[in-house]
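Colleague: Take a look and give me a structure for this.
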Amino acid sequence: MVSTYYHKIAIVTKQNVKITGSGSLRPLASDPDNKCHLRNVYLYIHKDSPVDARQLIKDYVVPGNISQVLVQIYNDKPEGKELPIAEKVFSGL
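Modeller: Got it, this is the predicted structure:
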């Protein structure tokens with residue numbers, strides 16, 4: 001399955017650790033029975049991420065420690081200041 005949508009995400013923990021990333025939507029990546037949630041979040045590590053980004057994710061991106069998740073959906077990868085077609089903030093996860 002290939003997605004035709006692009007997304008941006010910002011995860012903020014209760015300790016204000018912020019993980020940001022973007023990319024094409026991955027079908028079934030949010031399956032609640034999938035035990036690979038860390039692997040999915042590791043995909044957001046990029047060249048500007050801290051050297052210890054994997055350990056930060058492992059230590060802080062855990063159930064019950066997420067303050068907010070912002071998800072923005074776009075038809076295509078934004079080239080400038082395009083507005084998302086959908087946006088949702090989730091709190092207290």
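
Colleague: any idea how far Y5 is from the nearest residue to P63 once chain neighbours are set aside?
Modeller: Sequence neighbours aside, L93 is the residue nearest to P63 in space, at 7.0 Å (criterion: Cβ to Cβ, 6 or more residues apart in numbering). The C-beta positions use only the backbone N, C-alpha and C, and glycine is treated the same way. L93 sits 22 Å away from Y5, going by Cβ to Cβ, to the nearest Å.

Colleague: do K58 as well
Modeller: From K58 to Y5 the distance is 28 Å (Cβ to Cβ).

Colleague: what about the strands in the chain?
Modeller: 6-13, 18-24, 66-74, 86-91 (DSSP state E).

Colleague: Could you provide those in CSV, with additional columns for mean neighbour count?
Modeller: Output for the strands of the chain, formatted as CSV (neighbours: other Cβ atoms under 10 Å):
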stretch, mean neighbour count
strand 6-13, 18
strand 18-24, 15
strand 66-74, 17
strand 86-91, 11
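
Colleague: Nearest to Y42, out of these?
Modeller: Closest of the strands of the chain to Y42 is strand 18-24, at 9.6 Å (criterion: Cβ to Cβ).

Colleague: Just checking: what are the partner strands of the closest one?
Modeller: Strand pairing for strand 18-24, determined by DSSP bridges: strand 6-13 (antiparallel).

Colleague: what comes into contact with the partner strand?
Modeller: 18-25, 41, 44, 60-61, 65-78, 84 (Cβ atoms under 8 Å, 6 or more residues apart in numbering).

Colleague: Pull out the CA atoms of stretch 80-93 and give them to me as PDB.
Modeller: Taking Å, rounded to 0.1, in the frame of the first residue of the first chain, the C-alpha atoms of stretch 80-93 are listed here in PDB:
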ATOM      1  CA  GLY A  80       6.300  26.800   1.300                       C
ATOM      2  CA  LYS A  81       3.600  28.000   3.500                       C
ATOM      3  CA  GLU A  82       0.800  25.700   2.400                       C
ATOM      4  CA  LEU A  83      -1.900  25.100   4.900                       C
ATOM      5  CA  PRO A  84      -2.600  21.500   6.000                       C
ATOM      6  CA  ILE A  85      -5.900  19.900   4.700                       C
ATOM      7  CA  ALA A  86      -6.400  18.500   8.300                       C
ATOM      8  CA  GLU A  87      -4.800  19.200  11.600                       C
ATOM      9  CA  LYS A  88      -5.400  17.600  15.000                       C
ATOM     10  CA  VAL A  89      -3.800  18.000  18.500                       C
ATOM     11  CA  PHE A  90      -4.000  15.100  20.900                       C
ATOM     12  CA  SER A  91      -3.300  15.700  24.600                       C
ATOM     13  CA  GLY A  92      -2.500  13.600  27.600                       C
ATOM     14  CA  LEU A  93      -1.400  10.300  26.000                       C
END
